[in-house]
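Can you look at this prediction? I've put the sequence above it.
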Amino acid sequence: MKSAKLLAEDGTVVCARCRLAVSPLARMKGLLGRASLEPGEGMLFRPGGSIHMFFMRFSIDAVFCTRELEVIDVVRGLRPWRVASRRGAKVVIELADGAAAGVGPGDRLTLATIDA
């Protein structure tokens with residue numbers, strides 16, 4: 001699975017290691033089986049407009065975006081066994097709980113490749 005850096009419009013790093021879940025299998029597995037998300041780590045689901053937290057063991061911040069990565073809404077501290085969706089969302093980014101503190105509706109995000 002590929003990774004990228006997720007940046008805010010002003011160049012601020014939102015997620016240093018954002019894994020890209022674009023295949024059906026990667027989207028289905030998501031973060032299941034993980035004990036936590038490390039700071040700077042996240043997962044981008046494309047396409048996706050909703051997520052579930054069934055069988056998860058930790059809370060996350062969920063960022064719902066358009067195809068162009070314009071933020072529609074942010075659900076902070078989404079706990080296990082919850083569901084979240086937003087009308088018009090085509091991308092969902094899952095970040096560690098609290099990591100989306102500087103992100104809000106109307107923000108534009110970009111993906112940058114990570115130098116290996």
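Nice, I can see it.

contacts, neighbours, all on C-alpha from now
Will do.

mind listing the helices for this protein?
Secondary structure of the chain (DSSP state H): helices located at 24-29.

what's the weakest-modelled helix or strand in it?
In the chain, no helix or strand scores lower on mean pLDDT, DSSP states H and E than helix 24-29, which sits at a mean of 89.

what comes up buried for that one?
Going by neighbour count (16 or more other Cα atoms under 10 Å), the buried part of helix 24-29 is residue 27.

ok, the most centrally placed residue in the chain - contacts?
The centroid of the chain falls nearest to residue 93 when counting by Cα atoms, centre = their mean (1.4 Å). Listed by Cα atoms under 8 Å, 6 or more residues apart in numbering, the contact set of residue 93 reads 42-45, 62-65.

pLDDT score for it?
pLDDT recorded at residue 93 is 97.

Name the nearest residue to it, ignoring sequence neighbours.
residue 44 (4.3 Å; Cα to Cα, 6 or more residues apart in numbering).

Run through the bridge partners of that neighbour.
For residue 44, the beta-bridge partners under DSSP bridges are residue 20, residue 93.

so where do the strands sit in this protein?
With strands called from DSSP state E, the chain shows them at 3-8, 13-21, 41-45, 50-52, 60-65, 71-78, 83-85, 91-96, 109-113.

can you list those in a markdown table and add distance to residue 28?
Below are the strands of the chain laid out as a markdown table (distance: least, Cα to Cα, whole Å):
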| stretch | distance to residue 28 |
| --- | --- |
| strand 3-8 | 17 |
| strand 13-21 | 9 |
| strand 41-45 | 10 |
| strand 50-52 | 10 |
| strand 60-65 | 16 |
| strand 71-78 | 18 |
| strand 83-85 | 15 |
| strand 91-96 | 13 |
| strand 109-113 | 22 |
